[in-house]
Structures are given as C-alpha cells and as structure tokens.
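> Provided below for reference: sequence and predicted model.
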Amino acid sequence: MEFLNFLLILWAAWLVWRRPERERLAFQLLVISCLLTALLFFVGARGSIVPGVNL
Amino acid sequence: MSALTEARLRAILAWVVIVLVGGPIAGAVLLGAVHGDSPCILCWGQRTSMVLIALVGLFVLRHGPRPRYLGMVVLLGVFGQYMALRHSGLHLARDIGQGFSAPILGAHTYSWSWFVHVTVLAVVGVLLLFLREVAATGAGREPKRVDRFAFAFFLVVVGANALQAFISTGPPPFMGQSDPVRLSLNPRHWVWSMEELTSPARISLRGSWTVPRPEVTAAAADPDPAHGPLANLPALAVTGWERIDAPLEGALRGFTRDSATGRYLAVTEGYGVYLLDSTRSRVLHRVVLDQGFSIDLAPLTGAAFLGGDTLAFVSTNKSWVLLRPDPAADAGEMWRRFRKTDGGVTELGRGRFATVRARQQYVLSLAFDPAAQELITVSVPSPRHRRLVVSRFARADRMLASEFPLRLPEGLALAGPERLLAEYVVTGAAVADGRLYAISAAYSTLLVVDLRDRALRAAYAVPGLRRPVGVAVRGSQLLIAQADGRIVTLGRPAP
C-alpha cells in the first residue's frame, strides 16, 4: 500500500508540473494520499492513539 | 521590516523543497541502499508525511500560496508530529540507547521526523510572517530554473522511495510491517505481508495497551473459591470476626499490624492514614495525604510497618510514601504534604517503585519482609498482562531488588487447561516467618508464597470473604480486613 501511495504522489507531482490545468485532480490525489497515510499509520499502530505510556 | 515578495517566496520555497527532499527523504533511501535499513510501517507514515509536505511546496511553486495549501501543510505538520511522538513513545522510555533502526547523530530516525515536522511548521510560520499579500490566481505560474530542478529532484527521489516501498512492502494489498527485514535487491529475501491486519484495529485511546483500573477488577471479581483456577483447595476455617472500632472516614483500602508493638495501620479512600492502638479502638495519629503534591498517589491501597516508627504506604500506581510519628513535626513543611494532620506526623519522602516484569501493572497490596529489609508488592493481572508478579524493593533506596512470577507448584492443580494463576487478584499481603500471605479478592483464596524459594507453596479457600483489602499477622492468627472495616480471623497455616 505504501508503494501505491508513492505512485499517487508521483502522479500528483507530475500533474502539478506538466499539467497545471489539472490542479483540481492533483489536489484530490494529495488529499487521498494524506488519508491513506493516516489509515496505514493507524493500522500499524493497532488502533491505539497513544502507546503504553503515561498521560 | 521588508515584505517577502511572491517571487522571493518561490525562490526560497524551491530551496526548502530541495533541502527537504535531499535531506531526510533522500537520506532515508540512502540508509536503505547503503546500510539495508528498512522502515517499519510507522516509519513509512512519517516519511510519507514529509514527502507530502514537499509536494504541497510544489503546489505553491506552481499555483501560488493558496489558503488550502497552507491549511494542508499545517495539518501535515501537526499530524507528522503526532506520528513521530506516537512512534517514539514506544521507545523513549527504554534503557539507554535502545530503540529501533539506525541512529543518526545519536537520535533514531523516528525522532528526527519530529524535528523535521516542527521545523517545517516553523519555516511556514516565518514565511507567512513576512509574505506580502498576494492575489490568488487560477493559472499555473511558469516554473523557473530552480523550480524545475525542485520538481525533477522530487520525482527522482520519490521514485526511489517508491522503488524501496515496492521491494520492502510489495504491491497492494500488501503493506509495511512492524519488524521489516533489511533491504535487499534479491527478490528471494523480499517479504510482502499483511500481518498488520491480523490484529483488530479498532481505534481507541490506548487500544491493546488498555489496562483496567485494579479497584474495578477487584470489585467485579467472583468471590466464590469453588470457581477459582485452582482445583480442590482446602478451606481455612474462620475462627472469628472482629472489627475496627476507631472512627474511620471512608471505606478501608489497606490494613496491617506491627508485630513488635501490636499497633495497626489503616488506609482509607480519600487518602486517610490512621495509626491505631493495639485494640483498634483509638486513633494514635491521623493524616490525610495531599495526593497531588510532587507524586500522583491516586489512590492509596496498602500499608506496612518498616520497623521502628517508619510507616510505608503504596498507591495502585506503585508510588510510595514514608511517614513517621513525630511530636516535633514542622507544621509549615507538612502543610505541603498533608491536607489534614493532627500535627504529630512527619513525611519522610515519597517516590515511585519501578518494576520490570510487573511494568504496566497496578498493585493493590504492600508487605514488608523484615529479614531481607525489603518491601513487597504483588501485581494485579490484566487482559494485556496475564501474570502474577511478586516484586521486592530494597528498603534503603526503594529500588527493585528482585522479581519473580508465581508458578504452579507440585501438589496443586489447575481446574482446567485454560485456567491461570493470574486469575487471582491480590488485594492484601503480609510477611511472617519467611512466607508471604497474600489474599485474593477473586475467588477468596489465600496464597502462601515461600520467599526463600520464590515459589507458591500452598493455597487455601477462605469462604465468606467480601472485598478483602488487607492482611495482618497476629501470632498464630491471620487477620483479613474487608473494605467495610470487618476483620476475619483465621488460624495461620503451618509452614
């Protein structure tokens, strides 16, 4: 999934550089990538917002 | 103060992107290529966040500083810091130098991620502070030379990251791992897995780290000895009932007796500490501790006489307080430590016990072994830590002296293959003749531990108990105090 995420990022960067008129699509890809990053992080964190430390 | 023009902003921003991409993002790939370093699934999140921040920088280079770009970079900076702290939190409290992955300049990579995200937010703040107001434009700006370099550099470095991600994590639906193997170009060594999905990922504050409060565990425990994990236990006959006649405020939380003087100590909810005479009808001294001064003492749960006039108390989070009757107590100094006092008690100090095997486990008991001059606690098991650990602390410095988990001895059998000793919830303990007598609120069972052999020696059912909170030794008798102040007397089992 991390690989897919980097492909999304590369696609968005390419659009910004070479197809600036597709800014809306590029920004949507950016948002999707952010959400995917957060999702993968919480999967890796086993759903716990904080680890086993004292708050 | 000269304002930052949009042209200058773009020039600076292009270099910021180049530094961000060429520093931590390209450096991470180099660590993999040169040292075989592979990021774990949490590291991937932090690295991706930095890549996304650089991508937002490219958006600004091409389309100007639109509000949604600024909003996105602030969100990424905040979430990136959270990820770095969440990940570092797994390792920050470990022993010296311990952690995950290779350190850079003495700090592990997940720690550097926090620094990078803080720096990003600081740089954005400075740029916005000096930025002249600019009108948003719909059309893309023509990239300059440095901009084109930033774009190309970004694509190359992120392309290398994508390649590393393909090797380390595989194509979808495979994903990063908690313990990745080192990076190799040999496909035979590539590990593509979805093991992170095997554990249920229900989002909550602590997830699987959640440890329920021990008082709740003890109060909800089944008191029937017949339902306990040990089969066919002999019962100890109750020889009588007594009670604490002195007036106590609140339910009893801890109880003990001094074999030398016959005096008693009682601890109540609300941080009340009572030194009672040998008849338990007269209060010799009383203080109410300030549970918030210096150390969190919430809530007190056990007490012990340490010989002489020194009194020890412990809270469920393994914090301790030492007191001593003192007719010359400094009222001004003690005002800091006591919410109420009769003026005749001095606090000697307070601190925290640190355990190893019982880490992240609460306690509900405290005992003192005069032969070894050690304080003793017994951990309360939880769904995450299913073990019953006896921890011993040197009286002199209150540091951990030894620990051992209770094991099933020969001669005792579990009631079923799925049963565990860690189903017992020890809420009171006392030491006599080299034995630790520990009462469990769960299944009303008395556990007898040989402290020299570090082994459970025997267990006895004590039918009729309700919420036991403390154990005391009186000659050949055991006294088990309940939360309601009533005391069961039993014959002490022969060694």
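Yes, it's here.
> okay, CA-based contacts and neighbour counts for the rest of this
OK.
> most distant residue from the middle of chain B?
No residue in chain B sits farther from the centre than B:Glu142, which is 54.0 Å out by C-alpha atoms, centre = their mean.
> just checking, next helix/strand downstream of the biggest helix by length in chain B?
As assigned by DSSP state H, the longest helix anywhere in chain B is helix B:145-169. Beyond helix B:145-169 on the C-terminal side, the first helix or strand identified by DSSP states H and E is helix B:214-219.
> in that next one, what's buried?
Residues of helix B:214-219 classed as buried: B:214-215, B:217-218 (neighbour count, 16 or more other C-alpha atoms under 10 Å in any protein chain shown).
> which one of the residues you listed is nearest chain A?
For the buried residues of helix B:214-219, the residue nearest chain A by C-alpha to the nearest C-alpha is B:Pro214; the value is 16.0 Å.
> Spit out the contact partners of that closest one.
B:316, B:362-364, B:380 (C-alpha atoms under 8 Å, 6 or more residues apart in numbering or on different chains).
> one more time with 7 Å, if that's ok
Neighbour list for B:Pro214: B:362, B:380 [criterion: C-alpha atoms under 7 Å, 6 or more residues apart in numbering or on different chains].
> and B:Met83, that one's in a helix?
Yes. Looking at B:Met83 with DSSP: H, G, I helix; E, B strand; the rest coil, it is inside a helix.
> Tell me the spatial nearest neighbour of it, not counting adjacent residues.
Spatial nearest neighbour of B:Met83, chain neighbours left out: B:Gln46 (6.3 Å); criterion: C-alpha to C-alpha, 6 or more residues apart in numbering or on different chains.
> can you list the buried residues of helix B:214-219 in a markdown table and add distance to B:Trp192 and pLDDT?
Below are those laid out as a markdown table (distance: C-alpha to C-alpha, whole Å; pLDDT from 0 to 100):
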| residue | distance to B:Trp192 | pLDDT |
| --- | --- | --- |
| B:Pro214 | 41 | 93 |
| B:Glu215 | 44 | 88 |
| B:Thr217 | 41 | 87 |
| B:Ala218 | 44 | 86 |
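> between the residues you listed, which is closest to B:Glu269?
Within the buried residues of helix B:214-219, proximity to B:Glu269 (C-alpha to C-alpha) peaks at B:Glu215, which comes in at 11.3 Å.
> Can you give me the separation between the residue lying closest to the closest one once chain neighbours are set aside and B:Leu465?
Distance criterion C-alpha to C-alpha, 6+ apart; nearest residue to B:Glu215, sequence neighbours excluded, is B:Leu364 at 7.9 Å. B:Leu364 is 17 Å from B:Leu465, where distance means C-alpha to C-alpha, to the nearest Å.
> quick one, which of those two is more surrounded?
The neighbour count for B:Leu364 versus B:Leu465, taken as other C-alpha atoms under 10 Å in any protein chain shown, is higher for B:Leu364 (30 against 23).
> The lengthiest helix in chain A: which residues count as buried?
As assigned by DSSP H, the longest helix anywhere in chain A is helix A:23-44. Across helix A:23-44, burial judged by 16+ other C-alpha under 10 Å covers A:23, A:26-27, A:29-30, A:33-34, A:36-38, A:40-44.
> so who does the most centrally placed residue in chain A touch?
With distances taken as C-alpha atoms, centre = their mean, A:Ser33 lies nearest the centre of chain A, 2.2 Å away. A:Ser33 makes contact with A:5, A:8-9, according to C-alpha under 7 Å, 6+ apart.
> Out of those, grab the one that's most surrounded.
A:Ile9 (27 neighbours).
> Tell me which residues are up against the helix or strand in which that residue is found.
A:Ile9 belongs to helix A:2-18 when assigned by DSSP H and E. Applying C-alpha under 7 Å, 6+ apart, the contact partners of helix A:2-18 are A:22-23, A:26, A:29-30, A:33, B:55, B:59, B:62, B:151, B:155, B:158, B:162, B:165-166, B:169-172, B:175-176.
> As PDB, could you dump the C-alpha coordinates of that helix?
Below are the C-alpha coordinates for helix A:2-18, written out as PDB (Å, rounded to 0.1, in the frame of the first residue of the first chain):
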ATOM      1  CA  GLU A   2       2.900   2.300   0.600                       C
ATOM      2  CA  PHE A   3       4.000   1.700  -2.900                       C
ATOM      3  CA  LEU A   4       0.600   2.700  -4.200                       C
ATOM      4  CA  ASN A   5       0.700   5.800  -2.100                       C
ATOM      5  CA  PHE A   6       4.000   6.900  -3.600                       C
ATOM      6  CA  LEU A   7       2.600   6.300  -7.100                       C
ATOM      7  CA  LEU A   8      -0.300   8.600  -6.200                       C
ATOM      8  CA  ILE A   9       2.200  11.200  -5.000                       C
ATOM      9  CA  LEU A  10       4.300  10.900  -8.200                       C
ATOM     10  CA  TRP A  11       1.100  11.200 -10.300                       C
ATOM     11  CA  ALA A  12       0.100  14.400  -8.400                       C
ATOM     12  CA  ALA A  13       3.500  15.900  -8.700                       C
ATOM     13  CA  TRP A  14       3.600  15.200 -12.400                       C
ATOM     14  CA  LEU A  15       0.200  16.800 -12.900                       C
ATOM     15  CA  VAL A  16       1.300  19.900 -11.000                       C
ATOM     16  CA  TRP A  17       4.500  20.300 -13.100                       C
ATOM     17  CA  ARG A  18       3.300  19.300 -16.500                       C
END
